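**Student:** Next comes the sequence, and after it the predicted model I'd like to discuss.
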Amino acid sequence: MKRREFSLAAAAAASASAFSFVATPALAQAAFKEGKDYAKLSKPVATTAGAGKVEVIEFFWYSCPHCHAFEPAFAAWKSAVPADVVVQRVPVGFNASFVPQQKLYYALLAMGKLDEVHTKVFQAIHVERNRLAKDDDIFAWVGKQGVDVNKFKEAYNSFTVSNQVRKATQLQQDYNVEGVPSIGVAGRFYTDGTMAGNMANVLRVTDHLIAVSRKG
């Protein structure tokens, strides 16, 4: 979903089921090119993966129907990456209305509940039509997921989560993120569905960029 489409997300949610991950054999075998399938950042971004590791970031937004459609494929890919690849998700914040869902993500992370609840957030928004766009709506929904609401509120309103939200927004700007879902690799490369052609190719481009990053 491109930045200009964000205001249309609610109406577009029904299109998620039509999102395709199918690529032709020819595309699967194609050589990926800088400037076409991915961009090389003019200014490298600092990473936190550590020496000998390659950091991969998925930029996403819970209310984006394309992120919802991409999540199963990305989760499967993430579960199979080599030991030297460090994968993280970063919730984008293109304006103030995005902040509650950014805080939702990082509060769940702080409580160790993210793996358990992450996909349920997508389900609530895109299937159950619960927008989860405001604090009180989020608190009410979280309480129904077996999460301690008081502890969640404490994390949600904490300095730590606020700082993570700030860093996430800065990281998205550093990578020049124009739409979601999209991928940053090693603080040096960026790709998305528009550049790569579809999201299946985004994962293939990501594998290619991981290999390039290993070479230095």
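**Tutor:** Yes, it's here.
**Student:** which stretches of this protein form helices?
**Tutor:** Here the chain has its helices, by DSSP state H, at 9-12, 25-29, 65-79, 99-110, 114-126, 135-143, 149-156, 159-174, 193-196, 199-214.
**Student:** between those, which gets nearest to residue 57?
**Tutor:** helix 159-174 (7.2 Å; Cβ to Cβ). Any C-beta I mention is one placed from the backbone N, CA and C, and that applies to glycine too.
**Student:** What residues sit buried inside the closest one?
**Tutor:** 161, 164-165, 168-169, 171-172, 174 (16 or more other Cβ atoms under 10 Å).
**Student:** what's the offset of it from the middle of its chain?
**Tutor:** Distance of helix 159-174 from the chain centroid (Cα atoms, centre = their mean, to the nearest Å) equals 14 Å.
**Student:** cool, stretch 153-173 as well?
**Tutor:** 15 Å.
**Student:** What count of nearby residues applies to residue 112?
**Tutor:** 8 (other Cβ atoms under 10 Å).
**Student:** Distance of it relative to residue 176?
**Tutor:** 32 Å (Cβ to Cβ, to the nearest Å).
**Student:** Ok, residue 45 next?
**Tutor:** For residue 45, the distance to residue 176 - Cβ to Cβ - is 10 Å.
**Student:** Residue 143 now?
**Tutor:** 38 Å.
**Student:** Next: residue 34.
**Tutor:** 15 Å.
**Student:** Comparing these two, which shows the higher neighbour count?
**Tutor:** Between residue 34 and residue 176, counting by other Cβ under 10 Å, residue 176 is the more crowded of the two (14 against 11).
**Student:** so what pLDDT did the closest residue to that one other than its chain neighbours get?
**Tutor:** Closest residue in space to residue 176, ignoring its immediate chain neighbours: residue 190 at 6.5 Å, by Cβ to Cβ, 6 or more residues apart in numbering. With respect to pLDDT, residue 190 scores 98.
**Student:** Tell me what residue 190 is bridged to.
**Tutor:** Beta bridges link residue 190 to residue 39, residue 184, judged by DSSP bridges.
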